[in-house]
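> Following is a predicted model, sequence given first.
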Amino acid sequence: MMYSFMGGGLFCAIVGNILLVVSTATDYWMQYRLSGSFAHQGLWRYCMSGKCYMQIDSIAYWNATRAFMILSAMSCFAGIIAGILSFAHFSAFERFNRSFAAGIMFFVSTLFVLLAMAIYTGVTVNFLGKRFGDWRFSWSYILGWVALLMTFFAGIFYMCAYRMHECRRVAGPR
């Protein structure tokens, strides 16, 4: 049962990490109509009339969103490594449990992506949304929210596996 939780958590984490990377790298966080033509933007580029341009302005909310998304992907990756290692020699260390460490890393990843999404949402709705009349969030943005859920559930699964291991360890051999 404990390995089922770890397997489910590992699946959620891998999917979440893929979604984090795709969301961060793609240019469809927001779509809008500008001068009669459609445009879209991501964290790194904006595209108008079929041509894409780098975001060269150093605007604080873009930098913060980028940084938190990258930190989220990195902590999720570290959690995946700890999660894979927790399958081998599950109880090798009494003081340091790898499934607990993986769960914590997934929750840290969740916190980082939550911060990134909150910053981007707040600025977009309050500033950019008023600037562009006809706009909407797009699929890269939605993938960020789905990644948040996946990393959160990965953390839940690994914490459940840790609790099951702790209950067995305290109860002793049967």
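Now that the structure is in, tell me what you want to look at.
> where along this structure do the strands fall?
Assignment of strands within the chain using DSSP state E yields the ranges 30-34, 37-41, 45-48, 51-54, 135-137.
> Could you provide those strands in JSON lines, with additional columns for mean neighbour count and distance to A13?
All C-beta spots, glycine's among them, are computed from the backbone N, C-alpha and C. As requested, the strands of the chain are arranged in JSON lines below (neighbours: other CB atoms under 10 Å; distance: least, CB to CB, whole Å):
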{"stretch": "strand 30-34", "mean neighbour count": "18", "distance to A13": "27"}
{"stretch": "strand 37-41", "mean neighbour count": "17", "distance to A13": "28"}
{"stretch": "strand 45-48", "mean neighbour count": "16", "distance to A13": "28"}
{"stretch": "strand 51-54", "mean neighbour count": "10", "distance to A13": "31"}
{"stretch": "strand 135-137", "mean neighbour count": "17", "distance to A13": "25"}
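> Give the bridge partners for Y32, please.
Y32 has these beta-bridge partners by DSSP bridges: A39, W135.
> Any chance of CSV for the strands of the chain, columns mean pLDDT and distance to I81?
Output for the strands of the chain, formatted as CSV (pLDDT from 0 to 100; distance: least, CB to CB, whole Å):
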stretch, mean pLDDT, distance to I81
strand 30-34, 84, 33
strand 37-41, 87, 33
strand 45-48, 90, 30
strand 51-54, 92, 32
strand 135-137, 89, 32
